[in-house]
Each structure stands twice: as C-alpha cells, then as structure tokens.
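Trainee: could you look at this predicted model? Sequence included:
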Amino acid sequence: MMSPEHRYLNFALMVSVLLLVFAANAAETAKEQLQGSIDRVIEVLRTIRSPEDIERNRNSLREILLVRFDFAAMAKESLGTRWNDLKGKKEEFVSVFTDFVEHSYMSTLGSYRGEKIVYDHDWSDGESAEVDTRVVGGEGNPIKIEYKLHLTDGQWMVYDAVIDDVSLVGNYRSQFARILHRASLEELIQTLHAKASGH
C-alpha cells in the first residue's frame with residue numbers, strides 16, 4: 001500500500017509535469033515562435049554594416065531560417081504538378097531551392113535601415129496558422145507580409161509568405177513554369193545552382 005508521503009510526491013510530480021507541459025504549449029504559439037525567429041534576424045541585421053558583415057553572419061542567419069521555414073514544402077509547391085517528375089532528384093532540388101532562396105534573402109540584407117515589424121492579426125486551428133505583419137519605418141509605404149505556417153514536430157514552420165498580396169511560393173511557381181516551358185527539370189536545377197552561386 002502506498003504511503004501518504006509517496007502519494008503526495010506522485011501527485012506533486014504529476015502536477016509539475018502538467019504545469020511544464022502547459023507552460024511549453026502556452027509559449028509555443030505560431031506567432032510567438034515566428035516572432036522569436038524574426039527578433040533573432042533583426043538582432044543580426046543591426047550588426048550589418050558591410051558585405052563582409054553579411055558573409056560573417058551567413059551561417060547564423062541560415063540556422064534561423066532553417067528552423068522556421070519549411071523549404072521542402074516550399075520547394076514541392078513551387079514545382080506544382082512537376083514535383084513527381086523529379087523522381088530520384090527531389091532531395092537535390094530541395095537543397096538547391098534552399099540555397100537559391102537563401103541567396104535571394106541574403107542579397108537584400110544590406111538594405112535594412114532599422115525597419116520595425118508590427119504584428120496584426122493571427123489565427124490557428126492547431127495544425128495550420130497565419131500571422132499577419134507589417135514592415136514599417138522604411139522609405140515607402142508599410143509592407144504587408146502574411147506568414148502561412150503549419151505545425152511540424154512541435155515547430156511552426158513557414159510554408160509560404162504573401163508579400164503585399166503576392167505569394168512567394170506562387171511567384172516561384174510562375175518563374176519555374178516559364179523556365180520549364182523551354183527547359184528540362186535538370187536545366188532548372190542547374191539554373192538555380194547558378195543563381196544561388198551569384199552567377
């Protein structure tokens with residue numbers, strides 16, 4: 001028979017575990033995870049003064065992006081119906097697509113001028129989420145960015161970003177479809193390799 005002390009310890013342990021689970025879940029909304037990643041990016045951006053600074057921080061920024069962006073899902077959606085035609089080259093395409101997006105992102109970092117992110121509406125159904133933001137404080141009008149996320153192994157991963165009503169993945173799909181109209185998938189992969197290398 002369990003002693004009162006053991007019963008109390010077991011109860012206390014159960015309560016502690018439940019509180020820890022609740023605290024973890026409460027702190028892991030899509031908005032909070034996304035905001036944490038964006039805050040980390042902005043911390044890095046504030047240190048950038050030259051192309052050398054960008055190069056020096058490349059790995060740190062890449063790690064932040066890889067945690068928060070589902071590049072595999074983005075790559076798949078960017079090819080649409082041609083995805084299955086890749087056959088044994090899916091991993092290669094995801095890798096080069098990731099490098100391509102990273103290079104495009106890195107090339108814009110030098111233009112950061114202390115802009116702020118305003119978080120507007122957000123919603124989630126437990127599996128999918130959307131976080132609506134605005135980039136303010138730049139020279140032009142505020143830029144609307146709607147992040148679309150899905151839950152993957154406890155992490156809210158971005159699978160598309162809609163910038164001023166233009167889907168990033170939809171834009172890539174249009175670009176790739178134009179290339180594939182006159183070229184093969186292998187040639188598309190080589191084109192993305194070249195662009196990711198800055199050629």
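Mentor: Great, that's in hand. Since the structure is predicted, the reported quantities are computational estimates derived from the model, not experimental observations.
Trainee: now the residue most central in space within the chain: how far from residue 163?
Mentor: Taking CA atoms, centre = their mean, the centroid of the chain lies closest to residue 69, which sits 2.3 Å from it. For residue 69, the distance to residue 163 equals 14 Å [CB to CB, to the nearest Å]. (Glycine included, C-beta is placed from N, CA and C.)
Trainee: tell me where the model's unsure across this structure.
Mentor: The chain contains residues with pLDDT under 70 at 1-27, 110, 199.
Trainee: which residues in it form helices?
Mentor: Counting by DSSP state H, one finds helices in the chain at the ranges 4-26, 30-45, 51-56, 58-68, 71-79, 90-106, 168-180, 185-196.
Trainee: that older thread, the residue nearest to the centre of the chain touches residue 156, doesn't it?
Mentor: No. Contact criterion CB atoms under 8 Å: residue 69 and residue 156 do not qualify, at 10.7 Å.
Trainee: now do the shared contacts for these two.
Mentor: With contacts taken as CB atoms under 8 Å, 6 or more residues apart in numbering, residue 69 and residue 156 have no neighbour in common.
Trainee: residue 135: which of the helices of the chain is closest?
Mentor: Comparing the helices of the chain against residue 135 with CB to CB, the closest turns out to be helix 30-45 (10.1 Å).
Trainee: residues in contact with the closest one: which ones?
Mentor: Against helix 30-45 from outside (CB under 8 Å, 6+ apart): 57, 60-61, 64, 67-68, 109, 112, 117, 119, 122, 124, 129-131, 147, 149, 151, 155-156, 158.
Trainee: switch the cut-off to 6 Å
Mentor: Contacts to helix 30-45, defined as CB atoms under 6 Å, 6 or more residues apart in numbering, come from residues 57, 60-61, 64, 68, 112, 117, 122, 124, 129, 131, 147, 149, 156.
Trainee: among those, which one sits closest to residue 97?
Mentor: Proximity of the contacts of helix 30-45 to residue 97 (CB to CB) peaks at residue 68, which lies at 16.1 Å.
Trainee: skip the chain neighbours and tell me the closest residue to that closest one.
Mentor: residue 37 (4.2 Å; CB to CB, 6 or more residues apart in numbering).
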